[in-house]
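J.: structure for the following, please:
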Amino acid sequence: MGWLVGLVGNAVVAVAYLSIATVIARSLIRSGQTRSNPLAAATAAIFVTCGIHHGSHTLHMALPWIGVETERGLAMRASYDVTMAIWDVVTAAVGVYYWSLRRSYAPLMRGAKLFEDLRQREQQALELNDSVLQGLVVAKLALDLGEHDRARSALESSISSASAIITDLLGPDRGRPATGLLRSSAALPPRVPQAAEDGA
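T.: The predicted model follows:
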């Protein structure tokens, strides 16, 4: 009766995977990210193809009950062994587990939100660049005019703005040290002004 377990397992996989694909595709269409978010679109396509594949197994094994494609269906039933049935059950369990996670992480796992919103990231990067660049320009101008307090204030404001945007980019775990995130190269030491070197 391993084929019967496989039939049920494949049916659950087909329903779960096609439902996941539908949720992702619907969110992509609503947010206008069908072309701008190829990773999410490709993921939806993977779930569609897997869902259809497992659904076809269910269909072929069920058709002999109604006298359709009996020879092919019985052959598939006969080819099913315990190992195949177990893997189908495991795959079905993963699909069901995904839907159980959606209840706990609903805001995070809402369709296309599973994937990075590229337009939002680009906007945040522009804001980071603008805030830091403007602050540095103001600080340089203030230093040229000998207004050290104003320069210090501009630098502190730039640092604060950059820190807030970077914290937002890193996500909800910003309060904990990030693991596995390392610079690609060492930070350069601060450059000593020529006048200071000459006076040393």
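J.: let me see the domain layout of this structure.
T.: The chain is divided into the following domains under automatic domain parsing: 2-114, 118-176.
J.: comparing those domains, which comes out most buried?
T.: domain 2-114 (a mean of 16; mean count of other CB atoms under 10 Å). For glycine as for every other residue, the C-beta is placed from the backbone atoms N, C-alpha and C.
J.: rewinding a little: need the domains of the chain in JSON lines with mean pLDDT, can you?
T.: Converted to JSON lines, the domains of the chain look like this (pLDDT from 0 to 100):
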{"stretch": "domain 2-114", "mean pLDDT": "83"}
{"stretch": "domain 118-176", "mean pLDDT": "74"}
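J.: so who does the nearest residue to residue 6 once chain neighbours are set aside touch?
T.: Residue nearest to residue 6 in three dimensions, not counting chain neighbours: residue 85, with 4.4 Å by CB to CB, 6 or more residues apart in numbering. Residues counted as contacts of residue 85 (CB atoms under 8 Å, 6 or more residues apart in numbering) are 2, 3, 5, 6, 9.
J.: is the third one in contact with residue 90, as I believe?
T.: Just to be clear, that refers to residue 5. No - Residue 5 is beyond contact range of residue 90, at 11.5 Å (criterion: CB atoms under 8 Å).
J.: residue 35 and residue 87, how far apart?
T.: 35 Å (CB to CB, to the nearest Å).
J.: same question, residue 69
T.: Separation of residue 69 from residue 87 (CB to CB) stands at 24 Å.
J.: which SSE is residue 123 in?
T.: Here residue 123 sits within helix 118-144, counting by DSSP states H and E.
J.: have a look at the chain and report its longest helix.
T.: For the chain, the longest helix by residue count, based on DSSP state H, is helix 2-31.
J.: what about stretch 135-154, how long is it end to end?
T.: End-to-end span of stretch 135-154 (CA to CA, to the nearest Å): 5 Å.
J.: contacting residues around it?
T.: For stretch 135-154, the external contacting residues (CB under 8 Å, 6+ apart) are 155, 157, 158, 159, 161.
J.: quick check: phi and psi on residue 34?
T.: Torsion angles at residue 34 (phi, psi; degrees, to the nearest 10) stand at phi -60, psi -40.
J.: check contacts around it.
T.: Contacts of residue 34 by CB under 8 Å, 6+ apart are 28, 41.
J.: let's see it at 6 Å
T.: The contact partners of residue 34, by CB atoms under 6 Å, 6 or more residues apart in numbering, come to residue 28.
J.: now do residue 155
T.: For residue 155, the contacting residues are residue 139, by CB under 6 Å, 6+ apart.
J.: which strand or helix spans it?
T.: Using DSSP H and E, residue 155 maps to helix 148-170.
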